[in-house]
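[1] could you look at this predicted model? Sequence included:
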Number of protein chains: 2
Amino acid sequence: MKKARIVVTLKTGVLDPQGKAIEAALRSFGIQDVGSVRQGKVFDVELSTEDAAAAESTLKSACEKLLANTVIENYSIEIA
Amino acid sequence: MKKARIVVTLKTGVLDPQGKAIEAALRSFGIQDVGSVRQGKVFDVELSTEDAAAAESTLKSACEKLLANTVIENYSIEIA
């Protein structure tokens, strides 16, 4: 069994209203040091394969097909 | 300016219906190797401070106050 973490983030230049709202909320809580916030998603996946190359190709296809919208999002895959 | 990444994940044992739905969707897309999926959130934060210790304490307080529900979620902070 392999474990992997996929992180999906918005591409640079894509507006992130959710991040902006978090920024504003942090300031309203008195946290002033925060410059910008961008929110993304993380997926912790367990795979039944032991083969790192097979795991990587499975996860790539999962990202392309379902987990990330590649028009506006980047994804990164870390296999543990 | 410091950059940091905060990852918020559900604690072990907390049900994750969103993750379960993703698992089922991946299988319906023909991706069979996937065992379990758990979804979390990631926040990419830019801080106006240069001091790593100050940045860490700011982010900790941001997590406790707003970004994570510490009853059911864990958070991890990585400062770049």
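    Looks like it arrived, so ask away.
[2] which stretches of chain A form helices?
    A:17-28, A:52-62 (DSSP state H).
[3] now do the shortest one, average pLDDT.
    For helix A:52-62, the mean per-residue pLDDT is 94.
[4] which residues does that helix contact?
    Applying CB atoms under 8 Å, 6 or more residues apart in numbering or on different chains, the external contacts of helix A:52-62 come out as A:2, A:4, A:6, A:45, A:47, A:49, A:77, A:79, B:26, B:29, B:31, B:33-34. (Glycine included, C-beta is placed from N, CA and C.)
[5] in that helix, what counts as buried?
    By neighbour count with 16 or more other CB atoms under 10 Å in any protein chain shown, helix A:52-62 contains the buried residues A:55-56, A:58-59, A:61-62.
[6] with the longest one instead?
    Neighbour counts using 16+ other CB under 10 Å place A:19, A:22-23, A:25-26 of helix A:17-28 among the buried residues.
[7] of the residues you listed, list those near chain B.
    Among these, the ones lying near chain B by CB under 8 Å from any CB of the partner chain are A:19, A:22, A:25-26.
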